[in-house]
Every structure is written in C-alpha cells, then in structure tokens.
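Undergrad: From the sequence below, what's the structure:
(one chain, ligands or ions: 1)
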Amino acid sequence: MTTAGIIIAAILCYVLYSALKNGVFMRCPHCGKIGSWRYDKIGESEDEKDEDDVIIKSTQQLRCRSCQKKVTEIWSDFDGRKFLKNDENTDLLKATA
Ligand SMILES: [Zn+2]
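TA: Okay, the predicted model is just below:
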C-alpha cells in the first residue's frame, strides 16, 4: 500500500468513527430504521448552558419520516447523543439506548 493509500484509509476510519460517535447511524426506537437524516425537527431545541455560555445539553423533538412517531433527541457533553422513545399512550419518555 502506498503512503497516500494509508493516509486515505486513516481519514476514512476517522470520518466513520466520528459519524458513529455523533449518532449518524442511530436507530429509530419505534421502527428500528437507521439514520439521523430520516428525522424532521419539531420546534426549536432546548439548550442548557454552563456559566461560560457553552452548551452542555441540548434536547430536540424529532419526528421519524418512516413511522411518523415522535422521538426525543438528547445530546450532552457528558453522554454524547441518544434517542428517547416518546410513548404515544402515556407520553412518558423511555430510554432505549
Ligand atoms: Zn421510526
């Protein structure tokens, strides 16, 4: 393998790794379809900031395009990104991740 090939392979690994880390391939907790591009945002995200005005937690309501059900996306500096299932019957959030 050439040096250029090794560099390209390393960049690809890095891109894939950061995509995984950022939840690009997360599953819908309702229908199990993968991909963060499948969701439409509902309203504005609610951000929590620390004293330095840095966002430490962000909550966003989403709707899955496949099954039309609601999902709550929570990103935090500590935990990374996760999807919570909005239970249609009780309207309580259930952790699935
Ligand atoms: Zn879905």
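Undergrad: export the one helix or strand Ile11 maps to as PDB, just CAs?
TA: Per DSSP states H and E, Ile11 falls inside helix 3-21. Provided in PDB are the C-alpha atoms of helix 3-21 (Å, rounded to 0.1, in the frame of the first residue of the first chain):
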ATOM      1  CA  THR A   3       1.700   6.200   1.700                       C
ATOM      2  CA  ALA A   4      -1.200   8.100   0.100                       C
ATOM      3  CA  GLY A   5      -3.400   5.000   0.400                       C
ATOM      4  CA  ILE A   6      -2.600   4.700   4.100                       C
ATOM      5  CA  ILE A   7      -3.500   8.300   4.700                       C
ATOM      6  CA  ILE A   8      -6.800   8.000   2.900                       C
ATOM      7  CA  ALA A   9      -7.600   4.800   4.800                       C
ATOM      8  CA  ALA A  10      -6.800   6.600   8.100                       C
ATOM      9  CA  ILE A  11      -9.000   9.600   7.100                       C
ATOM     10  CA  LEU A  12     -11.900   7.300   6.200                       C
ATOM     11  CA  CYS A  13     -11.600   5.500   9.500                       C
ATOM     12  CA  TYR A  14     -11.700   8.800  11.400                       C
ATOM     13  CA  VAL A  15     -14.700  10.100   9.400                       C
ATOM     14  CA  LEU A  16     -16.600   6.800  10.100                       C
ATOM     15  CA  TYR A  17     -15.600   6.800  13.800                       C
ATOM     16  CA  SER A  18     -16.800  10.400  14.300                       C
ATOM     17  CA  ALA A  19     -20.000   9.700  12.400                       C
ATOM     18  CA  LEU A  20     -20.700   6.800  14.800                       C
ATOM     19  CA  LYS A  21     -19.900   8.900  17.800                       C
END
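Undergrad: ok, then the element right after it?
TA: strand 39-49.
Undergrad: That next one and the ion in contact?
TA: No: applying Cβ under 5 Å from the ion, one finds strand 39-49 out of contact with the ion, separated by at least 8.4 Å. Using the backbone N, CA and C atoms, a C-beta is placed for each residue, glycine as well.
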